[in-house]
Each structure stands twice: as C-alpha cells, then as structure tokens.
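# okay, structure incoming, though there's no sequence with it:
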C-alpha cells in the first residue's frame, strides 16, 4: 500500500505531462458530413413531369452502421403521391403505414436515400396548398431534419388580342370590345383574372358570365385555363355611350408567370359618338348620315341622287365605258391587219422583181452565146 502511495506522484506527473503535450480535447461535435440532411422540393405542375424526388443525406455513422431512419410526410402527400424510397430497405408495413415509415440504408456504403413522389396530374388542392413539411429522424442518434415540398403552378399568360368593332346584329348598333388571353404553360392557370380599364365616359351593356363592371373597369374571372388554351370575352358598351375612349387590358393569376411583359395590351383612343345607333368603328363602314369613327367625315347614302351623280362623274373621268373600250380594241385590231397586208405585198413585189431580173439576165446570156456560135470562121485566123 505504501508503495502504491509512493507511485501516485509519479503517475500524476505522467498524466499531467501527457495532457500538457497532447492537449485537452473536449467531446467532438457532429460535422457536416455526419449531419442528417433532407433537401427542399419544388415541383412545377405540368404535363411532361410525372415524378419527382427528395434526397436524404445520411451521416457517416448512420450509413455505415445502417441506422433505421424514420420518414414522416403530411397526409396530403402520403395518401396519394408518396411512391417509395430508393437505396433503402423499408419495414414490411411500408405500404400500410400512411404518414410515417421506417427505412434503413441498403448497404454500409450507402450515404443517401431518395424519397420518390409521383404527382402526375396534380389536383388543384395540392397546387394551391402552402409548403408541406417532411421530417426525417435517425432512430439511433435521435438526429432530426426537416424540409418542405411545394407544388407550384407556373404559367405564361399573355393578352394575345384586344380589338374594338361595331355590333353586327339587327338591334341598335353599339361598340364591342373583344379580348383574348392565352396560356402558354407549362402549368394550368387557375383563378386567372382579366381586367379591362377604360379611359373616358363609357357605360356597359351585356357582360359575359364571370365579368363584372365597377365604374370604368371590367373584371373577368376565369376558373381554370389549361396549357395551350385561350379564353375570349366580349364586352358590350351601351348604345348611349359617347366620347373618346381607350382600353388597357391586363391578366394575372395566383401562380408564377415567368414572362410578365406580355400580360398587358392597350388600344385607342377611339371615337364613340353617342345616341343609338352608334357609328361604325375602325374597319367598319359608317352608317349613312352619321359621322365615321376616327374619320371626321360623314357617310353618304349610296342610294341618294348626290351619291349617284358623284359615282357617275367619277366613273366617266377615271374609267372608260365598255363600248369605247371595245371600239378601241377593234381599231387596234384593224390597224394590225392592215400593217400585215402591206408587209406581205411588199414581200411579194420584191420576189417578183427578183424573178423578172433573173429571167432577163438568163435570156440575154443565152442569146449572146447563140450569136457567137453562128458567126463564120475566118480562114486566116490561126
């Protein structure tokens, strides 16, 4: 006992020397490589995407020792969209347990597991929900991690048409403002709104279902506009509306619109004189006796004597009659025939002169040759 007591100072000195040389190390916290992590998931609703995944990153110990990992998802996801877990061996009651399931890494070398969701055509309720929270827990170490799953609608809405024209029915003529909104996708646009703001003094007549007017603004609600679909609305002004007006139309919806520059369209100003029936609008003929829209002129009844005289005078000045045109054509034809006959006679006379000249030359040559052959021969000629 006395010997042990004698050794205590030396043992204490050795321990102190070891601590002094090597240093004192407190308990080491978990590093990033050992932390349990799950990433957030944002799913864009669309026709070309059927499934999506969420990654669970495991710590070194959880992977090498194959710790069971508890996965809890909200009922909104588990009942219909949670499809399975990759790189994991799950409990036998995997499919019978709706919102919480326990899975272990497939191999000691596994460092992540993947939750698979199959959304397909997402129901509107899920797309309009706030982010849903998913919780994972290491059942051995007690570590937990959370992430969110968010389903969003992303649609490019565009005002592709905004036009003004006159009514064509049998009733009092009035102004119609036509508008069209188009969805380029990829997601359907739910609860879309089209708002047409008028500047000027206007009053509205019949409005389409889902449209309401407040002062000079008409708001139309569109429950759902699918990908590559269009919605048309026609806004009727009352026959008594008067004064110049312009229209600015814009569209929006609660989701994300990646291209906002095509959401607005503007036209005008247009002249809209009051009193039924209203005048014609651009590209529409004005009714007789009324001022044409944006023209400052008054239309003339085509059946009136003044209009007939004007039309006749214009026709006489600018267009030849059918008889004169026929006479001119006949004169031109006769002149062409006379010219052709003159050319033909000239050719015939030239050919005849040539033949006569050739015949005369041949006759002269033959007569002279005969005279030479009948002349007497001089005997003194060698």
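That came through, no problem. Here the structure is a predicted model, which means the values were calculated and not measured. Residues are numbered from 1 along each chain as shown.
# can you give me the helices in the stretch 1-150 of the chain?
Here the stretch 1-150 of the chain has its helices, by DSSP state H, counting those that start in this stretch, at 2-22, 60-64, 75-78, 124-127.
# mean pLDDT lowest for which of those?
Among the helices of the stretch 1-150 of the chain, helix 2-22 carries the lowest mean pLDDT, at a mean of 54.
# identify the residue spatially nearest to residue 42, adjacent ones excluded.
Nearest residue to residue 42, sequence neighbours excluded (CB to CB, 6 or more residues apart in numbering): residue 150, at 5.1 Å. From N, CA and C alone the C-beta is placed, and that goes for glycine too.
# swap in residue 229?
Distances taken as CB to CB, 6+ apart put residue 183 closest to residue 229, at 5.6 Å, once the chain neighbours are dropped.
# by contact count, what packs against the strand or helix carrying the one you found?
Here residue 183 sits within strand 175-186, counting by DSSP states H and E. Here strand 175-186 touches strand 155-166, strand 189-199, strand 217-225, strand 230-236, strand 245-252, going by 3 or more CB pairs under 8 Å, 6 or more residues apart in numbering; DSSP states H and E.
# note down every partner strand of the second one and its orientation.
This means strand 189-199. Applying DSSP bridges to the sheet, strand 189-199 is found paired with strand 217-225 (antiparallel), strand 245-252 (antiparallel).
# skip ahead from the shortest one and say which helix or strand is next.
Beyond strand 245-252 on the C-terminal side, the first helix or strand identified by DSSP H and E is strand 264-270.
# which residues of this structure score low on pLDDT?
Low-confidence segments of the chain, defined by pLDDT under 70: 1-33, 48-49, 79, 93-98, 121-124, 169-171, 240-242, 272-345, 360-361, 363-382.
# could you chop it up by domain?
Under the assignment automatic domain parsing, the domains of the chain span 32-152, 155-270.
# what is the end-to-end distance of stretch 141-159?
56 Å (CA to CA, to the nearest Å).
# kindly report the same for stretch 129-149.
Start-to-end span of stretch 129-149 (CA to CA) is 10 Å.
# pull out the buried residues from it.
Using 16 or more other CB atoms under 10 Å as the burial criterion, the residues of stretch 129-149 that qualify are 132, 134, 136-138, 143, 145, 147, 149.
# closest to residue 86 among the residues you listed?
Nearest to residue 86 out of the buried residues of stretch 129-149 is residue 136 (CB to CB; 14.3 Å).
# in terms of contact, does that closest one touch residue 71 like I think?
Yes: between residue 136 and residue 71 there is a contact at 5.4 Å, judged by CB atoms under 8 Å.
# spell out which residues are contacts of both of these two.
Common neighbours of residue 136 and residue 71, counting by CB atoms under 8 Å, 6 or more residues apart in numbering, are residue 56.
# distance check, residue 181 against residue 88.
46 Å (CB to CB, to the nearest Å).
# which of the two has more neighbours?
Per other CB atoms under 10 Å, whichever of residue 181 and residue 88 has more neighbours is residue 181, with 29 against 24.
# the closest residue in space to the more buried one that isn't next to it in sequence bridge partners, please.
Of all residues not flanking residue 181 in the chain, residue 251 sits nearest, at 4.7 Å (CB to CB, 6+ apart). As for beta bridges, residue 251 partners with residue 194 under DSSP bridges.
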